[in-house]
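In: The following comprises the amino acid sequence and a computationally predicted model.
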Amino acid sequence: MIEFIESRGLKIYTGYQVYKPREDSFLMSDILLEEKIAVDDLIEIGPGTGIILLTLAKSNPNFSYHAVEINFEAALLTRKNSIANELDTIQVICSDNLKPFRKNSIPRIVVFNPPYLPVDPEIDPYTPKYELYQLVGGDKGYETLNTTISLLDSLHYPVALYCIISSLSINPVDFAKLHKQWDTSIMTSQNMGFEVIWVLRMTRSN
């Protein structure tokens with residue numbers, strides 16, 4: 001079932017199997033706008049409704065944007081929302097993470113708001129599978145993000161990854177220790193009451 005909402009001046013079509021725009025989406029969008037990054041060399045993993053790329057495209061409509069989305073419904077909605085907002089500059093590939101890209105053809109800036117919650121054996125058995133896909137990133141919560149980082153580790157050129165982690169899974173200091181070859185910076189955070197989420201910028205020179 002397709003739903004329609006308005007968010008930050010954008011028309012957004014969404015569905016129950018697609019991650020809706022939330023606080024983490026807006027936090028990431030704001031940071032990317034503040035960073036004034038080179039959006040002509042950027043890709044987002046898992047755009048959902050496309051809210052982050054749409055925000056960038058609204059601010060910088062003369063660039064092309066790229067996304068890869070494993071959820072076919074979400075891929076269609078990202079494209080639909082691009083057209084609905086007359087920001088027909090977002091190209092979407094329906095595939096798993098960055099796997100369809102040839103080595104060293106991945107853009108130098110990667111954006112990923114991953115599922116970042118750990119497995120909860122008390123709640124998860126009663127949660128619809130589509131919600132688990134949207135929210136749970138693995139037993140510890142950051143395995144999905146680690147998969148992306150492992151793919152980027154094989155590149156032979158500088159790359160920057162903007163991503164989000166949750167205090168329910170791990171803190172930034174401990175996460176940075178897991179990836180010592182990366183320079184990890186905290187861009188911003190938000191206290192949600194039951195958790196803190198952080199936007200990280202991870203850069204690797206080679």
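Out: Nice, I can see it.
In: What are the phi and psi values at the residue in the chain sticking out farthest from the centre?
Out: Largest separation from the mean C-alpha position in the chain: residue 122, at 26.7 Å (C-alpha atoms, centre = their mean). Reported as degrees, to the nearest 10, the phi and psi values for residue 122 are phi -90, psi -30.
In: ok, and for stretch 94-104, which residues are buried?
Out: Buried positions in stretch 94-104, judged by neighbour count with 16 or more other C-beta atoms under 10 Å: 94, 97, 98, 101. From N, CA and C alone the C-beta is placed, and that goes for glycine too.
In: Would you state the strands of the chain in chain order?
Out: Using DSSP state E, the strands of the chain run over residues 2-7, 10-15, 42-45, 65-69, 90-94, 109-112, 117-118, 136-138, 159-166, 183-191, 196-204.
In: from the chain's centre, how far out does the third one sit?
Out: In other words, strand 42-45. Put simply, strand 42-45 sits 8 Å off its chain's centre (C-alpha atoms, centre = their mean, to the nearest Å).
In: So in that sheet, which strands flank it, and in what orientation?
Out: strand 65-69 (parallel), strand 109-112 (parallel) (DSSP bridges).
In: Alpha carbons of the shortest one, as PDB, please.
Out: What follows is strand 109-112, C-alpha atoms only, in PDB (Å, rounded to 0.1, in the frame of the first residue of the first chain):
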ATOM      1  CA  ILE A 109      31.800   9.500  -1.500                       C
ATOM      2  CA  VAL A 110      29.400   6.800  -0.100                       C
ATOM      3  CA  VAL A 111      26.400   7.600   2.000                       C
ATOM      4  CA  PHE A 112      24.800   4.800   4.100                       C
END
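In: Averaged pLDDT, it. What do you get?
Out: Mean pLDDT, strand 109-112: 96.
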